[in-house]
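Engineer: the following comprises the amino acid sequence and a computationally predicted model.
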Amino acid sequence: LGPWLLVAACITLAREAWTPKPSKMSDPTSREGRHALFSEVLTLVEAVTESFPQFLLQLNTYLWAVRTNNAKPHFGVISYHLVFVLSATLSVLGILKAIV
């Protein structure tokens, strides 16, 4: 149940994050403008220091498991290929959100 709730929460957060909102950064001297600018900077820092290394680690682990055939074919009812695709997709979405 936990992974499914996590995926549902990530999809909801992604939908909210990708929905266009009026820009508060039009006036960077206002309190809201500074807050929006700080949020953008923190999002970029998070993507560079967390999401990108996480994606590289996932990719290396997945390629190692495929190359050495050293992984169980399924985690419960979910294929480990699907687990990698879901996890890597969320990492890449985090990186793209920070860049865009």
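Structural biologist: That came through fine.
Engineer: most remote residue from this protein's center?
Structural biologist: Among the C-alpha atoms of the chain, the one most distant from their mean position (C-alpha atoms, centre = their mean) is that of residue 29, at 30.3 Å.
Engineer: could you check how far that residue is from residue 35?
Structural biologist: When distances are taken as C-beta to C-beta, to the nearest Å, residue 29 and residue 35 turn out to be 12 Å apart. All C-beta atoms are positioned from the backbone trio N, CA, C, and that covers glycine.
Engineer: burial count for residue 50?
Structural biologist: Applying the criterion other C-beta atoms under 10 Å, we find 13 residues in the vicinity of residue 50.
Engineer: show me the contacts for it.
Structural biologist: Contacts for residue 50 were tallied using C-beta atoms under 8 Å, 6 or more residues apart in numbering; there are none.
Engineer: that one and residue 37: what is the separation?
Structural biologist: When C-beta to C-beta is the yardstick, residue 50 and residue 37 sit 20 Å from each other.
Engineer: what does residue 83 give?
Structural biologist: Between residue 83 and residue 37 the computed distance is 36 Å (C-beta to C-beta).
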